[in-house]
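Colleague: 3D model of this:
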Amino acid sequence: MGTVIQATQRDNEDRHQRWDRLEHAELWEQYGTLQARGLSQRQAAQVLEVPRSTLQAWRAYQERLDACPAVVAFFHSVPGLAFLHRLVLAFHLVCVEVGACGIRLVCLLLQLTGLNRFVGASYGTQHQVNRRVEEAIVAYRQAEHARLAPEMSPKDITLTQDETFTGGLCLVGVEPVSNFILLEQRAAARDQDTWHALMAPALAGLNCHVIQSTSDEAPGLLAYVEHHLGAHHSPDLFHVQHELSKAVSAPMAIKQRAAHKAVAKAEETLTRVHEHLNRANDELAPRGPGRPPKRAASLEQVKHEVDAARHEHQRLSAQREQVIQSIRAIGHAYHFVDLERGVRRNGKLIAGDIQRHIDTIRTIAQQEGLSETCLERLEKAERVVPKMKATIEFVSGYVGQQVKRLALAPPQSFALHAHLIPSYYLDRVASTRTVTAGEPLRALAERLRTPLFEPGGALSEGSLLQQDQLKAKAAKLAEVFQRSSSNVEGRNGYLSLRNHQLRGLDHPRKRACLTAVHNFFLTRPDGTTAAERFFGQKPRSMFAAILAAVEIPPTPLSPPRRAVG
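Modeller: As a prediction, the model looks like this:
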């Protein structure tokens with residue numbers, strides 16, 4: 001009876017031992033030093049405790065490479081490998097995670113630069129590298145969030161919330177001042193319970209309190225803010241203007257285009273009448289074959305039709321322009337501070353201005369006989385006006401409470417309310433416009449702020465530290481009023497582009513990587529990341545964490561060889 005031998009299956013790494021690339025580089029450097037001292041290859045192998053055949057294979061591998069010997073020596077040294085490691089991982093972070101190039105373009109980049117001689121450039125190899133990079137990014141995000149959250153200072157925040165459908169339904173929540181993404185996660189629904197189930201873990205552990213939420217009028221979001229957050233809901237100005245545009249401006253545009261075509265047709269008819277009269281006056285011109293032409297229309301009648309068509313086109317153009325200007329005027333009116341005078345405005349005046357512009361739009365819609373659907377859209381936008389008034393009142397009340405806690409003297413409190421906070425609000429609005437358009441706002445802000453801290457000014461009595469603290473507090477209070485969720489809309493647009501380019505957002509790791517890159521890697525012109533602005537502390541380098549977590553990519557199994565002959 002024979003003996004049964006239990007043998008375990010060995011993988012490729014067990015059958016073919018591969019040296020660590022850094023260890024390989026260090027041994028090769030030591031081998032070169034030993035050779036310079038006059039030791040033979042056999043003696044060097046004994047000193048290094050490396051098989052002589054291994055040293056021979058390493059030498060033969062380098063000699064076969066189709067590259068400059070100095071370049072080969074550099075990329076097989078310890079500093080060269082460190083540089084290669086940094087370079088390849090930078091390609092993946094910048095090209096694949098920040099940009100949308102894809103892994104295949106990284107492979108092409110390695111080939112065109114000649115780095116495929118020193119690192120595997122196949123799709124399979126680089127796909128494994130990219131997977132490890134993404135895993136390192138996700139681990140870094142979790143570690144930094146857990147490290148920074150307990151140390152952040154207490155703060156009241158606003159949430160801007162929305163949902164997107166790229167790569168499946170995804171709920172998004174952003175803190176608008178820092179632009180830090182608190183939530184970006186796939187969901188099965190968008191009702192209030194689902195919002196609560198996802199937002200509660202996102203807010204857990206953060207030393208912050210949500211005082212308001214800015215979003216559209218989605219029922220699930222409204223119910224979540226009211227029942228679970230217990231915060232104020234601020235309507236999104238964009239959706240009000242968008243509803244008005246769809247209700248009136250778009251139908252008016254259709255009428256305007258039709259009137260333009262009518263003008264072109266009438267002018268064409270007038271041209272034909274002129275040509276017919278010219279031929280009739282020319283007695284020598286023979287008539288062509290076929291039936292005789294019909295009696296031409298009266299020249300005066302055609303001119304009258306042209307004038308009427310032009311007048312109608314001009315009237316519709318003027319009406320549509322008035323609608324557009326009224327929609328823009330709503331955005332101009334819905335500000336916490338008057339942009340021309342720099343004074344605080346109350347909710348009643350703002351609501352009255354907005355209602356007046358909506359009434360103008362409704363009058364035009366009724367004059368033009370727009371459909372019931374258009375009028376219903378207009379009424380839908382109008383229903384938000386009381387909420388806009390309530391938002392101004394909420395912001396005024398919150399700012400008043402915060403200023404009261406400072407226990408300032410009445411002149412200082414008045415100066416903070418009437419001048420300092422409005423000046424920083426004007427700066428904030430100016431930052432959203434072009435340099436030229438924002439210059440008048442910045443100049444007005446300086447005129448409001450500068451006299452307060454000059455000798456004899458209302459806020460000049462305290463020390464420089466106290467003055468800086470007042471300025472920081474005023475700038476923070478100027479950001480309480482949030483009238484738009486445009487940062488969430490922009491994020492949704494970005495995710496839509498990424499999903500279109502890569503078709504990879506259905507994978508949770510990819511979505512988590514994009515969130516981490518947005519929060520911890522991308523910076524504003526001042527050099528700060530969203531995480532630094534939100535937590536009040538500078539996070540550790542994401543790229544350094546990736547370098548520490550991801551190993552040096554492997555060498556190519558079949559590198560390009562030197563040409564023979």
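Colleague: Strands of this protein, residue ranges please.
Modeller: Secondary structure of the chain by DSSP state E: the strands cover 155-164, 170-175, 180-186, 208-215, 232-235.
Colleague: Of the ones you listed, which is nearest residue 514?
Modeller: Of all these, strand 180-186 sits nearest to residue 514, with 7.6 Å by CB to CB. (Each C-beta comes from the backbone N, C-alpha and C, glycine too.)
Colleague: Now do that closest one: which elements does it pack against?
Modeller: With contacts taken as 3 or more CB pairs under 8 Å, 6 or more residues apart in numbering; DSSP states H and E, strand 180-186 sits against strand 170-175, helix 192-203, helix 508-520, helix 530-535.
Colleague: Format the ones you listed as TSV; extra columns: mean neighbour count, mean pLDDT and distance to residue 319.
Modeller: Converted to TSV, those look like this (neighbours: other CB atoms under 10 Å; pLDDT from 0 to 100; distance: least, CB to CB, whole Å):
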stretch	mean neighbour count	mean pLDDT	distance to residue 319
strand 170-175	23	94	38
helix 192-203	16	94	41
helix 508-520	20	92	43
helix 530-535	22	96	44
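Colleague: right, and the ones you listed - which one's nearest residue 448?
Modeller: Of all the helices and strands packed on strand 180-186, helix 530-535 comes closest under CB to CB, at 25.2 Å.
Colleague: Give me the contact list for stretch 257-267.
Modeller: For stretch 257-267, the surrounding residues in contact (CB atoms under 8 Å, 6 or more residues apart in numbering) are 302, 305, 306, 308, 309, 310, 312, 313, 316.
Colleague: out of those residues, which are buried?
Modeller: Those of those that meet the buried threshold are 302, 305, 306, 309, 310, 312, 313, 316, by 16 or more other CB atoms under 10 Å.
Colleague: which ones are touching the residue positioned nearest the centre of the chain?
Modeller: By CA atoms, centre = their mean, the mean C-alpha position of the chain lies nearest to residue 491, the distance being 4.2 Å. Residues in contact with residue 491 (CB under 8 Å, 6+ apart) are 164, 172, 174, 181, 184, 518.
Colleague: Residue 346 now?
Modeller: So residue 346 contacts 392, 393, 396 (CB under 8 Å, 6+ apart).
Colleague: export those residues to a markdown table and tack on neighbour count, pLDDT and distance to residue 71?
Modeller: Shown next, in a markdown table, are the contacts of residue 346 (neighbours: other CB atoms under 10 Å; pLDDT from 0 to 100; distance: CB to CB, whole Å):
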| residue | neighbour count | pLDDT | distance to residue 71 |
| --- | --- | --- | --- |
| 392 | 23 | 94 | 66 |
| 393 | 16 | 94 | 69 |
| 396 | 18 | 93 | 67 |
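Colleague: Which of the residues you listed sits closest to residue 99?
Modeller: Relative to residue 99, and with distances defined as CB to CB, the nearest of the contacts of residue 346 is residue 392, at 41.2 Å.
Colleague: Distance of the closest one relative to residue 157?
Modeller: 19 Å (CB to CB, to the nearest Å).
Colleague: now do residue 52
Modeller: Residue 52 is 66 Å from residue 157, by CB to CB.
Colleague: circling back to that earlier point, do you know which of the strands of the chain lies nearest residue 38?
Modeller: Using CB to CB, the nearest of the strands of the chain to residue 38 is strand 180-186, at 62.5 Å.
Colleague: doesn't residue 159 make contact with residue 210?
Modeller: Yes. Counting by CB atoms under 8 Å, residue 159 is a contact partner of residue 210 at 5.5 Å.
Colleague: Just give me the closest of the buried ones among the contacts of stretch 257-267 to residue 421.
Modeller: For the buried ones among the contacts of stretch 257-267, the nearest to residue 421 is residue 316 (43.9 Å; CB to CB).
Colleague: Tell me who's in contact with the closest one.
Modeller: Residues near residue 316 by CB under 8 Å, 6+ apart: 252, 255, 256, 259.
Colleague: Can you pick out the most distant pair from the residues you listed?
Modeller: The two members of the contacts of residue 316 with the most space between them (CB to CB) are 252 and 259, at 10.3 Å.
Colleague: more neighbours, the two?
Modeller: residue 252 (25 against 19; other CB atoms under 10 Å).
Colleague: gap between the nearest residue in space to the more buried one that is not next to it in sequence and residue 77?
Modeller: Spatially, and ignoring its direct neighbours in sequence, residue 252 is nearest to residue 320 (4.2 Å; CB to CB, 6 or more residues apart in numbering). According to CB to CB, residue 320 stands 70 Å off from residue 77.
Colleague: Tell me which of those two has more neighbours.
Modeller: Set residue 320 next to residue 77 and count neighbours by other CB under 10 Å: residue 320 wins out with 20 against 16.
Colleague: And that one, how far from residue 137?
Modeller: From residue 320 to residue 137 the distance is 49 Å (CB to CB).
Colleague: same question, residue 520
Modeller: With distances taken as CB to CB, residue 520 is found 9 Å from residue 137.
Colleague: Need the residues touching each of these two.
Modeller: residue 542.
Colleague: lowest average confidence, helix or strand, in this structure?
Modeller: Ranked by mean pLDDT, DSSP states H and E, the helix or strand of the chain with the weakest confidence is helix 12-15, at a mean of 40.
Colleague: Okay, buried residues for stretch 37-51 please.
Modeller: Across stretch 37-51, burial judged by 16+ other CB under 10 Å covers 44, 45, 48, 50.
Colleague: ditto for stretch 319-334
Modeller: So, applying 16+ other CB under 10 Å, buried residues of stretch 319-334: 319, 320, 323, 324, 326, 327, 330, 331, 333, 334.
Colleague: ok, residue 210 and residue 159, which is more surrounded?
Modeller: Using other CB under 10 Å as the criterion, residue 210 and residue 159 rank with residue 159 on top: 27 against 21.
Colleague: what's the more buried one in contact with, if anything?
Modeller: 173, 174, 175, 182, 210, 212, 213, 214, 229, 231.
Colleague: Mind putting those residues into CSV with distance to residue 537?
Modeller: Below are the contacts of residue 159 laid out as CSV (distance: CB to CB, whole Å):
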residue, distance to residue 537
173, 21
174, 19
175, 15
182, 17
210, 21
212, 25
213, 25
214, 26
229, 26
231, 25
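Colleague: quick one: which of these is nearest residue 440?
Modeller: Nearest to residue 440 among the contacts of residue 159, counting by CB to CB, is residue 214 at 26.6 Å.
Colleague: Check the burial of the closest one by counting its neighbours.
Modeller: Count around residue 214 with other CB under 10 Å applied: 27.
Colleague: residue contacts, residue 551?
Modeller: residue 132.
Colleague: Could I get the phi/psi values of it?
Modeller: Residue 551 adopts backbone torsions of phi -70, psi 160, taken as degrees, to the nearest 10.
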